[in-house]
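J.: Sharing a model prediction with you, sequence too.
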Amino acid sequence: TNASVDSIYSRLLAVHPPISGNRFNEAVSGAQMTDLNGQAQNAVAAGAEAVTVFMGANDVCTSSEASMTPVATFQAQFETAMATLSSGLPDARIAVISIPDIHNLWAILKDDASARFIWAFAGICQSMLANPLSTDPADVQRRANVRQRNIDFNDVLNSVCAEYVHCRFDDYLGFNTAFTPADVSTIDYFHPSIAGQALIAQLAWDNSFDWTDATAPVSDSTGGAAVGGATVTLSATDNDAVSDIEYHTGGAWAKYGAPLGLATGTVVTWRAVDVNGNVEATHTCR
C-alpha cells in the first residue's frame, strides 16, 4: 500500500475501484518453492481472481552452492502449486514473474564494503555472495554455476506456466533487468529498497495482463464424422491475441491442442481465453 511503490494492487484499484480492500498477501520472507503450494491453497481459499507469483530467489540464494534446490525438485514443486491454482481457481489470471539475476546483485555491490560485511555477517545468499572479491577459479565457477541455476529455474517458470491457459510469464523481463545499487535495501543489501519494489511493480505491470482490455475472444468449431463418433476442431480469434482454448468432456478443463476424437454421445464443452485473461461464454456440442 506504500504510494511510492505503486503496487499491482494499487494499479488494479485505479483501473477497477470495486476491488478495494480485496487484497491478500500470502508471501512469506524466506519462502522457497516448496512453500508455494501452501500459499496457493490460501489463494484458493480467498477466492482470488488475480494471482501474482514471484518465487524462486530463495531457492537460488542458499547457504552454499550444494544446498540450492535441484531443478527437478523446483519444477515438481511449481507444477504442484500451479495445479492447485488451476483447479481451485479455474478462471483466475495467474502472472508469473521471473527471478532477478542474482549475479547482477553481486556485480553491482561486491565493491561496497558495507554490503560485503552484511553479506558475511548475516550469511546472506552465500551460494552467490561468499568471498565476493575472490577471483579464484573455484569462486568464479561457483558464481557461474549459481547463475545457471537461476536461469534454469526461470526456464521452469516459463515452461510450466505455458502449460496453463490462464497463466502469463513475464518473458524473462525480471531476470534481464539490470538493477542498480539504489534498487537494493541498505539494511541487508539483498532485498529491494522502496525504489527497487517500485521498479519490480512496474516491470510486473508492464509485461502482464492488459487490465483495460475487456473484450472476450470468440471461438468456433467444425466437425466431421469418424468411426464410432466424430472429430471436432476448435478455433478462436480475439481483438488482441488468443492465449488458447480449453475444453472438457465432464472433468477438469484441459488445454486444447489438436482436433478432438469424440465417441458417439460425448458432450464437449469449451471456451477460448485471450492473452489478457478474458474468457468467453462456454460452448457445448454433442
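T.: Structure received.
J.: CA atoms for contacts and neighbours, from now on please.
T.: Noted.
J.: quick check: mean pLDDT across the lengthiest helix in the chain?
T.: Longest helix in the chain, counting residues (DSSP state H): helix 137-161. Taken as a whole, helix 137-161 carries a mean pLDDT of 98.
J.: other SSEs contacting the helix or strand hosting Ser243?
T.: Assigned by DSSP states H and E, Ser243 belongs to strand 242-248. In terms of contacts (3 or more Cα pairs under 8 Å, 6 or more residues apart in numbering; DSSP states H and E), strand 242-248 is packed against strand 229-237, strand 254-255, strand 268-274.
J.: Which among those strands is found nearest to Met82?
T.: strand 254-255 (13.6 Å; Cα to Cα).
J.: What are the contacting residues of the closest one?
T.: Strand 254-255 is contacted from outside by Glu163, Tyr164, Val165, Asp244, Ile245, Glu246, Tyr247, His248, using Cα atoms under 8 Å, 6 or more residues apart in numbering.
J.: again, but for stretch 166-185
T.: Under Cα under 8 Å, 6+ apart, the answer for stretch 166-185 is 91-101, 104-105, 108-109, 154, 157-158, 161-162, 190-197, 199-200, 203-204, 207-209, 243, 273, 275, 277.
J.: From those, which land in strands?
T.: Arg93, Ile94, Ala95, Val96, Ser243, Val273 (DSSP state E).
J.: Between the two ends of stretch 41-58, how far is it?
T.: Length of stretch 41-58, first residue to last, Cα to Cα, to the nearest Å: 20 Å.
J.: What residues of the helix or strand Ser10 falls within count as buried?
T.: Following DSSP H and E, the helix or strand that holds Ser10 is helix 8-15. For helix 8-15, a neighbour-count test (16 or more other Cα atoms under 10 Å) marks Ile8, Tyr9, Ser10, Leu12, Leu13 as buried.
J.: do the same with stretch 230-244
T.: Neighbour-count burial for stretch 230-244 [16+ other Cα under 10 Å]: Ala230, Val232, Thr233, Leu234, Ser235, Ala236, Thr237, Asp238, Val242, Ser243, Asp244.
J.: Show me which pair in those residues is furthest apart.
T.: With Cα to Cα as the measure, no two of the buried residues of stretch 230-244 lie farther apart than Ala230 and Asp238, at 26.8 Å.
J.: I'd say Phe78 and Leu36 touch.
T.: Yes: assessed by Cα atoms under 8 Å, Phe78 is found in contact with Leu36 at 7.3 Å.
J.: can you give me the helices in the chain?
T.: Going by DSSP H, the chain shows helices at 8-15, 36-46, 57-60, 71-88, 102-109, 113-122, 126-129, 137-161, 173-176, 194-206.
J.: I'd like to know which of the ones you listed lies nearest to Thr284.
T.: When these are ranked by proximity to Thr284 (Cα to Cα), helix 71-88 comes first, at 20.4 Å.
J.: Now that closest one: buried residues?
T.: Applying 16+ other Cα under 10 Å to helix 71-88 flags Val71, Phe74, Gln75, Gln77, Phe78, Glu79, Ala81, Met82, Thr84, Leu85, Ser86, Gly88 as buried.
J.: Model confidence at the fifth one, what's the number?
T.: Spelled out, that is Phe78. Taking Phe78 on its own, its pLDDT is 98.
J.: number of nearby residues for the closest residue to it other than its chain neighbours?
T.: Among residues not flanking Phe78 along the chain, Met33 sits closest, at 6.5 Å (Cα to Cα, 6 or more residues apart in numbering). Using other Cα atoms under 10 Å, Met33 has 21 neighbouring residues.
J.: could you measure Met33 against Asp171, distance?
T.: Met33 is 19 Å from Asp171, by Cα to Cα.
J.: ditto for Ser219
T.: For Ser219 relative to Asp171 (Cα to Cα), the value is 26 Å.
J.: who has more neighbours, these two?
T.: A direct count of neighbours by other Cα under 10 Å for Ser219 and Asp171 places Ser219 higher, at 20 against 17.
J.: Was I right to think the more buried one contacts Ser235?
T.: Yes: at 5.5 Å, Ser219 and Ser235 qualify as touching, with contact defined as Cα under 8 Å.
J.: Just name the shakiest helix or strand of the chain by mean pLDDT.
T.: strand 218-226 (a mean of 86; mean pLDDT, DSSP states H and E).
J.: got the contact list for it?
T.: Against strand 218-226 from outside (Cα under 8 Å, 6+ apart): 230-238, 261, 271-272, 280.
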